[in-house]
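> coords below, sequence missing:
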């Protein structure tokens, strides 16, 4: 993806008195995603592959392939055909295995997931560390409400 140079001076970093809004949410999301994508790139994986593999890693049983695709597509607001391709990539890498209509994580997938999760957890501890629990709780409530409302708006736009 190419980007053009900004036409105005860059914005200053948010301060502790910043107001939560769509821009602040977007900046935080893209900064955190860029960190994760840097970790994933060292392991030869994509963000979408990690999200898909995470669901399989946390599942107690194999997933129906269609259910896995639908869940990832819903979470990422992605096209199901694109997510199906991600599942195929994970199968080709040997991180997932197909069993009839189901997929499950392989031992190699568990090793990969553990390595990426471990690296990410160390970074997350530095990023999130020191934020008071009450601030995290309030932020969690606000983000859940924003996601709920945005999903409702998306559903209305799609209707």
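That came in fine, so what should we check first? Worth saying up front: this structure is predicted, and the values here are computed from it rather than measured.

> per-residue confidence at the residue nearest the centre of the chain?
Closest to where the C-alpha atoms of the chain average out (C-alpha atoms, centre = their mean) is residue 51, at 5.4 Å. With respect to pLDDT, residue 51 scores 96.

> so how far is the top helix by length along the chain from its chain's centroid?
Under DSSP state H, the helix in the chain containing the largest number of residues is helix 133-158. Taking the mean of its C-alpha atoms, helix 133-158 sits 16 Å from the chain's own mean (C-alpha atoms, centre = their mean, to the nearest Å).

> next one: stretch 48-59
10 Å.

> which stretches in this protein count as helices?
22-42, 47-58, 65-76, 80-92, 107-128, 133-158.

> so of those helices, which one's packed in deepest?
The highest mean neighbour count among those, using mean count of other C-beta atoms under 10 Å, belongs to helix 47-58: a mean of 19. Where you see a C-beta, it was placed from the backbone N, CA and C, and this is true even at glycine.

> my read is that residue 79 contacts residue 73, right?
Yes - using C-beta atoms under 8 Å, residue 79 is in contact with residue 73, at 6.8 Å.

> quick one on the thing from earlier: surely the residue nearest to the centre of the chain and residue 76 touch.
Yes - counting by C-beta under 8 Å, residue 76 is a contact partner of residue 51 at 6.3 Å.

> pull the number of nearby residues for residue 130.
7 (other C-beta atoms under 10 Å).

> for it, list the residues it contacts.
Residues near residue 130 by C-beta atoms under 8 Å, 6 or more residues apart in numbering: none.

> which helices and strands sit right next to the longest helix of the chain?
Contact partners of helix 133-158 among helices and strands, from 3 or more C-beta pairs under 8 Å, 6 or more residues apart in numbering; DSSP states H and E: none.

> quick check: angle from that helix to helix 107-128?
Using axes from the mean of the first three to the mean of the last three C-alpha atoms, to 10 degrees, the inter-axis angle of helix 133-158 relative to helix 107-128 is 120 degrees.
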